[in-house]
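Novice: Dropping the sequence and predicted coords here.
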Amino acid sequence: MIKVLLVDDEDIEREAMAEIIPWDKLGMELVDMAWNGIEGLEKIRIHQPDIVITDIKMPVMDGIQLIGKTKELYPDMLFVVLSGYGEYEYTSRAMELGIRHYILKPCDEEKIVEVLRGVKEELAELEYRREAEQEYRRTYARMIPRVKEQILGILIQEKEVSKTDEILLQKFMENVTNSFVLLGIQSSRELDQLDKFVLTNILTELLGAENIYMNTSTKKEMIYLIPEKLADNLRPLLIKVQKEYGKYKQDRLRSAASRAGGIEEVSRLYVQLQELLFLGDLEGTKEFVSFDHLGENKDSGIMVLDYDKIRAAKDYAGVMFEIYSSYVKMEMSGFSGKKTADSFRFFLEVFCGRKDWEWKNEEIWGILEAVIEECAAFLGLSLPDTKDGNRLKHILYGIYRNIKNPDLSLQYLAKEVLFMNEDYFGRFFYRSVNEKYSSFLLRVRVELAKRLMAFNPDIRISELAEQIGYPADGQYFAKVFKKNTGMVPSEYRKMLTLDAGRKITNE
């Protein structure tokens, strides 16, 4: 039954309207009456009617004031305005408040009933819209987890996001931080829908639903996008996940968290997450692993294998530099020969799509050469299979295999390593690389020093000097480094630390 409240300061008209209107036939109930706006507002609060019929001109509080006050409390309440001739100013103000239904005094039963039927139709339409909106919200709420799962799945695969998904993604992330980590929980067997539900339910209870922005899955793992602030406390939490999941199913779970990044870096974070899970498995790790566990410098946030830098290489020599610097980082991190080989095998699988790679030469330089060749081919940067192309390749490998040698002069490299005429070597190198050999070697050594300091800010200067081919006392290296960068190694290292601190503060 539709509830109606009548507000009119004229007793006769108010009582007459209450008597002559066939409220029951209209499906309405006159719940109360009031003689002015003040009383009307109080009774509106008590009864909360669907419709208020109000005179527009009343003492104490007129109809316009009553409508305005009521709309503040109940924006969807409908009004029918009673107005007399000459009250156009009041009527126009009512129209400004969104009033659509008017009855002109004096009025008869037929006119009032006609207007009330119109109001009833509007109420039915409003109710339909409310129900439709509620159903939309229910449907939207049911769809949101699936939509988020699809979007995160697209992001980690670095596929193009549709316009619709992009709009939804912006909506999902509008009130959250823009610094995340990817958390991966991996099973030793394929996960069915119930397994995934159980894992997500356990993690949600421990982290809180508000801290799981999105999640998706593969055959054997669940991937969660969570705020960076939780990263430092994940280990004990994930031990609880394993314990609780073990009550449901006996299964070996492994987990890892990527380093922090923005939503635009999700595909890169996923690659790093996969590398952690893969390499941690090689070590027999059965619990939570993080980047510092597998050779990443936690403070600097730089990976051993920097996929983006490798991808950005401009030529064959650039690819060789990136792969060699990755190898030096592995060496500094204490990677065994097997772990180094397996790391590069996983890298080729992710970066180039080469599965089940087998090394033709298990010696480290055989592995490095295979990785460099495969990456260069994948990026379209291979050297031509010509006499000059093969000669340049032979020279570049000669440089990197001997880069730790302080005596790696043009004369030494040409005579002792490459068995070439010195003059011919100098001319050929300049023609092929468009840079003098001495400048090239200096640039590579300085750039390598920068990378190694960024990777491990605590590295001793003597160790750094030896890694790039300078005497261990570090004095000559410091002079060369300052000449090329404008600061000595200790100043450069301090700058890296300050930059890292500013980045953390900004995030």
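Specialist: Now that the structure is in, tell me what you want to look at.
Novice: The stretch 201-350 of the chain: strands as residue ranges?
Specialist: In the stretch 201-350 of the chain, the strands defined using DSSP state E, counting those that start in this stretch lie at 214-217, 221-227, 253-257, 288-289.
Novice: if you compare those strands, which one is most tucked away?
Specialist: strand 253-257 (a mean of 26; mean count of other Cβ atoms under 10 Å). C-beta here means a position set from N, CA and C on the backbone, and glycine is covered the same way.
Novice: Could you please name the strands that one pairs with and the direction of each pair?
Specialist: Paired strands of strand 253-257, with direction, are strand 180-187 (antiparallel), strand 288-289 (parallel) (DSSP bridges).
Novice: how much does that strand deviate in direction from strand 221-227?
Specialist: Orientation of strand 253-257 against strand 221-227 (axes from the mean of the first three to the mean of the last three Cα atoms, to 10 degrees) gives an angle of 30 degrees.
Novice: roughly how far is strand 253-257 from the heart of the chain?
Specialist: Chain-centre distance of strand 253-257: 19 Å, with Cα atoms, centre = their mean, to the nearest Å.
Novice: then it to CSV, C-alphas only?
Specialist: What follows is strand 253-257, C-alpha atoms only, in CSV (Å, rounded to 0.1, in the frame of the first residue of the first chain):
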residue,chain,number,x,y,z
LEU,A,253,53.1,-25.4,-1.3
ARG,A,254,55.8,-22.9,-2.2
SER,A,255,55.4,-19.2,-2.2
ALA,A,256,57.4,-16.1,-3.3
ALA,A,257,56.9,-12.4,-3.5
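Novice: Based on its surroundings, how many neighbours for residue 175?
Specialist: 7 (other Cβ atoms under 10 Å).
Novice: Secondary structure element for it, which one?
Specialist: Residue 175 is part of no helix or strand, with elements assigned from DSSP states H and E.
Novice: And it, how far from residue 240?
Specialist: Between residue 175 and residue 240 the distance, using Cβ to Cβ, to the nearest Å, works out to 28 Å.
Novice: repeat for residue 427
Specialist: Residue 427 sits 67 Å away from residue 240 when distances are taken as Cβ to Cβ.
Novice: Over to residue 156?
Specialist: Relative to residue 240, residue 156 is positioned 25 Å away (Cβ to Cβ).
Novice: need the helices for the stretch 51-200 of the chain, in chain order.
Specialist: Taking DSSP state H, counting those that start in this stretch as the test, the helices found in the stretch 51-200 of the chain are 63-73, 88-96, 109-156, 163-173, 193-207.
Novice: show me the contacts for residue 422.
Specialist: Residues counted as contacts of residue 422 (Cβ atoms under 8 Å, 6 or more residues apart in numbering) are 410-411, 414-415.
Novice: quick one: which of those has the most company?
Specialist: residue 414 (22 neighbours).
Novice: Tell me the pLDDT of it.
Specialist: Predicted confidence (pLDDT) for residue 414: 94.
Novice: number of nearby residues for the residue nearest to it when sequence neighbours are not counted?
Specialist: Sequence neighbours aside, residue 425 is the residue nearest to residue 414 in space, at 4.1 Å (criterion: Cβ to Cβ, 6 or more residues apart in numbering). Other residues near residue 425 come to 20 when the count uses other Cβ under 10 Å.
Novice: quick one on the thing from earlier: just name the most buried of the helices of the stretch 51-200 of the chain.
Specialist: Of all these, helix 63-73 carries the top mean neighbour count, a mean of 18, counting by mean count of other Cβ under 10 Å.
Novice: Just the CA atoms of it, as CSV, please.
Specialist: What follows is helix 63-73 as a C-alpha-only set of coordinates in CSV (Å, rounded to 0.1, in the frame of the first residue of the first chain):
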residue,chain,number,x,y,z
GLY,A,63,5.2,24.3,0.9
ILE,A,64,8.4,25.3,-0.8
GLN,A,65,10.3,25.3,2.5
LEU,A,66,8.8,21.9,3.4
ILE,A,67,9.8,20.4,0.1
GLY,A,68,13.4,21.7,0.5
LYS,A,69,13.8,20.4,4.0
THR,A,70,12.3,17.0,3.2
LYS,A,71,14.4,16.6,0.1
GLU,A,72,17.5,16.9,2.3
LEU,A,73,16.3,14.0,4.4
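Novice: Could you list which of the contacts of residue 422 belong to helices?
Specialist: With DSSP state H as the criterion, helices contain 410-411 from among the contacts of residue 422.
Novice: quick one: which of the contacts of residue 422 is nearest to residue 23?
Specialist: In terms of Cβ to Cβ, no member of those lies closer to residue 23 than residue 410, at 106.3 Å.
Novice: Residue 424 versus that closest one, what's the distance?
Specialist: 11 Å.
Novice: Same question for residue 257.
Specialist: For residue 257, the distance to residue 424 equals 54 Å [Cβ to Cβ].
Novice: again with residue 101
Specialist: The span separating residue 101 from residue 424 equals 99 Å under the rule Cβ to Cβ.
Novice: Kindly report the same for residue 129.
Specialist: Remark: distance between residue 129 and residue 424 (Cβ to Cβ) = 85 Å.
Novice: and what of residue 360?
Specialist: Summarising the geometry, the distance separating residue 360 from residue 424, computed by Cβ to Cβ, is 31 Å.
Novice: per-residue pLDDT, residue 280?
Specialist: The model reports residue 280 with a pLDDT of 56.
Novice: now do residue 167
Specialist: Predicted confidence (pLDDT) at residue 167: the value is 82.
Novice: Residue 42 now?
Specialist: According to the per-residue confidence, residue 42 scores 95 in pLDDT.
Novice: Can you get me a residue count around residue 229?
Specialist: 14.
Novice: For residue 60, see how far away it is.
Specialist: In terms of Cβ to Cβ, residue 229 sits 57 Å off from residue 60.
Novice: What of residue 361?
Specialist: If you measure residue 361 against residue 60 using Cβ to Cβ, the figure is 99 Å.
Novice: What of residue 196?
Specialist: Separation of residue 196 from residue 60 (Cβ to Cβ): 65 Å.
Novice: where are the low-confidence patches of the stretch 201-350 of the chain?
Specialist: In the predicted model, the stretch 201-350 of the chain carries pLDDT under 70 at residues 278-303.
Novice: show me where it has helices.
Specialist: With DSSP H, counting those that start in this stretch as the criterion, the stretch 201-350 of the chain has helices spanning 234-248, 266-282, 307-311, 316-332, 337-352.
Novice: Skipping adjacent residues, who's closest to residue 260 in space?
Specialist: Distances taken as Cβ to Cβ, 6+ apart place residue 228 nearest to residue 260, at 4.2 Å, with adjacent residues excluded.
Novice: give the contact list for the one you found.
Specialist: Listed by Cβ under 8 Å, 6+ apart, the contact set of residue 228 reads 177, 179-181, 260, 507.
Novice: Mind doing that once more with 6 Å?
Specialist: Residue 228 makes contact with 179, 181, 260 under the criterion Cβ atoms under 6 Å, 6 or more residues apart in numbering.
Novice: Quick check on the residues you listed: which are buried?
Specialist: Taking 16 or more other Cβ atoms under 10 Å as the criterion, what is buried in these is 179, 181, 260.
Novice: Surely residue 478 touches residue 488?
Specialist: Yes: the pair formed by residue 478 and residue 488 meets the contact definition of Cβ atoms under 6 Å, at 5.0 Å.
Novice: Many thanks, have a good one.
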